[in-house]
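Visitor: structure for the following, please:
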Amino acid sequence: MALLLLIITPLVAALASLGVRRTIVRFEIIASLAAVVESVAAILIAEQVVWRDHYDFGNFSSVDALGTIVMLTVAVVDLAATFYSIGYLREEVRKKIIGFRRVKQFFILLHLFLLAMFFAIVTVNPIMMWIAIEATTLSTAFLISFYNKPSAMEAAWKYLIINSIGLLFGFFGTLLFLTPARNLTAGTLVDWHTLSANAAFLDPMLTKMAFIFVLIGYGTKTGLAPMHTWLPDAHSKAPSPISALLSGALLNVALLAIVRFKIITDAVIAAPFSQNLLIVFGIASVLISAFIILAQKNYKRLFAYSSIEHMGIITLGIGFGGLGTFAALLHMIYHSLAKPVLFFSAGNVLLKYGSTKIANVRGVLSSLPTTGLILLLGFLAITGMPPFGMFITEVSILSAGIASHPVVVSCVLVLLALVFIGFLRHIVAMTLSREAEPTPAGELNYLTTMPAVFLLVLFIGAGLYLPGPIKSLVISAASSIH
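Guide: Residues are numbered from 1 along each chain as shown. Now for the predicted structure:
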């Protein structure tokens, strides 16, 4: 029942928002209630998975430990982003940047975006998962072009075209997996369990080809280099709460698809094949993002390239296997909590200063004291400084790979140092430098700061103490991957 509630709620919220004709407050009430219900449903499902290893609803929906972790990250980021959206859009309406029609469009597309992500997580059929992830592309394309500026329209088209082409590769790879399995199980629905059960009968060469197509296809959506080119434009042009959802939620859903197919591939052929491919894409992602972060001039693009870096680190962890897989899943959780904090802060800075250029932003700590402090803490968290949880996960991932891939690990260490230096330069300049003409001090409203505080508290708390049920889910999920 909770699983049905998780899927129905965003659909009902979208339809209810479609029927609103007058006051913006109604959108806010609908969105708030939907986010709370979705979070409660996700927690109830997670509780069942902890006790029973999986949660099923009929023959078409099922959630295991791996899916539960991704589902919880989406639900938590959804809750914070929804309340932040309310405060953020209030400021934009007050400044006459947008009006009633734009607010309505925003919330309807937000609910459809969440519906697609939750459906992709819970469906047992790979084709339906592909359809749901493709649906996230369609719903978010309009959110990226939300402000109708030429640069935003260009980013939306780039996002739409690159991701659609990438997902076509993913679809072809999915068909290569499903066709032999369908011949073996005529008349039944081919799901993840069916693929696993018939892995011994799948052709190894065909499976290799299929996984390469899947990795390129869904890797495009995950933001892995060199298929990442859409991500900095899209994340920098979308409204800040959407940027938070793109980085903190959607990338995980796309990665989930890759991991699902990796499990099947490893059951057909030796694990090193998929692991080596993941390591190659992982190191490429960290390499490209590190050098661009160092010279970045736009703070929203800075945070977007950081997402590419961290998806590369997670991919490396899964590629290394063993402890690396466990640490990679933890890192995914930490990244989902920390990255929205930075994008929420970026939204506040944009509303205050009216620019996304780093050179135009100075003295954030004095003009936006709470946001400035959150931005500093978010910088330390996302760059893996101790005592934050990402320090432990990054060390664990590198420890898992040092014996088998010492050159890769050495390169990653140097690249992580470059990322820290780049972030340090930019964030210190934005927060601690003095303004030529001081901006009046004062936060925008409590809804633009409290969601970031909420996620930051969760992030710090999870780094200091990982609750037993979450640890159990991560261990179970990691054991299913390798």
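Visitor: CA atoms for contacts and neighbours, from now on please.
Guide: OK.
Visitor: what's the neighbour count on the closest residue in space to residue 162 that isn't next to it in sequence?
Guide: Nearest in space to residue 162, with sequence neighbours left out and distances taken as Cα to Cα, 6 or more residues apart in numbering, is residue 230 at 6.7 Å. Residue 230 is flanked by 20 other residues according to other Cα atoms under 10 Å.
Visitor: contacting residues for residue 230?
Guide: When the contact criterion is Cα atoms under 8 Å, 6 or more residues apart in numbering, the partners of residue 230 are 155, 158-159, 162-163.
Visitor: what residue ranges in the protein score low on pLDDT?
Guide: Applying pLDDT under 70 to the chain flags residues 181-188, 435-441.
Visitor: check it for its longest helix and report it.
Guide: Ranked by residue count, the top helix of the chain under DSSP state H comes out as helix 150-184.
Visitor: buried residues, that one. List them.
Guide: 152-160, 162-164, 166-178, 180-182, 184 (16 or more other Cα atoms under 10 Å).
Visitor: got the contact list for stretch 348-368?
Guide: The contact list for stretch 348-368, computed with Cα under 8 Å, 6+ apart, reads 88, 91-92, 297-300, 371-373, 426, 429-435, 438-444, 448.
Visitor: among these, which lie within helices?
Guide: Secondary structure defined by DSSP H assigns 88, 91-92, 299-300, 371-373, 426, 429-431 of those to helices.
Visitor: nearest residue to residue 320 other than its sequence neighbours?
Guide: If the residues on either side of it in the chain are set aside, residue 320 comes closest to residue 401, at 5.3 Å by Cα to Cα, 6+ apart.
Visitor: and the one you found, how many neighbours does it have?
Guide: Around residue 401 there are 23 residues (other Cα under 10 Å).
Visitor: equivalent analysis for the one 4 residues further on, please.
Guide: Using other Cα under 10 Å, residue 405 is surrounded by 13 other residues.
Visitor: try residue 392
Guide: Residue 392 - counted by other Cα under 10 Å - has 17 other residues nearby.
Visitor: ok, residue 297 next?
Guide: Residue 297 has 16 neighbours, counted by other Cα under 10 Å.
Visitor: which residues does it contact?
Guide: So residue 297 contacts 357-359 (Cα under 8 Å, 6+ apart).
Visitor: now residue 220: closest residue in space, sequence neighbours ignored.
Guide: Using Cα to Cα, 6+ apart and skipping the chain neighbours, the partner closest in space to residue 220 is residue 227 (4.8 Å).
Visitor: still on that earlier bit, any chance of the contacts of residue 297 in JSON lines, with distance to residue 389 too?
Guide: Formatted as JSON lines, those follow (distance: Cα to Cα, whole Å):
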{"residue": "357", "distance to residue 389": "30"}
{"residue": "358", "distance to residue 389": "27"}
{"residue": "359", "distance to residue 389": "31"}
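Visitor: drop anything exposed from these.
Guide: 357-358.
Visitor: ok, the contacts of residue 297 vs residue 342, which is closest?
Guide: Using Cα to Cα, residue 358 is the member of these that sits closest to residue 342, with 14.0 Å.
Visitor: among the ones in helices among the contacts of stretch 348-368, which one has the most neighbours?
Guide: Among the ones in helices among the contacts of stretch 348-368, residue 371 has the most neighbours (other Cα under 10 Å), with 30 neighbours.
Visitor: which residue ranges of the stretch 1-150 of the chain form strands?
Guide: All strands of the stretch 1-150 of the chain, identified by DSSP state E, counting those that start in this stretch, fall at 54-57, 61-64.
Visitor: enumerate every residue touching residue 380.
Guide: Counting by Cα under 8 Å, 6+ apart, residue 380 touches residue 388.
Visitor: and what of residue 284?
Guide: With contact set as Cα under 8 Å, 6+ apart, residue 284 has these partners: 224-226, 312.
Visitor: narrow those residues to those that are buried.
Guide: 224-225, 312.
Visitor: that older thread, and which of the ones in helices among the contacts of stretch 348-368 is nearest to residue 217?
Guide: The closest of the ones in helices among the contacts of stretch 348-368, once distances to residue 217 are taken by Cα to Cα, is residue 300, at 25.1 Å.
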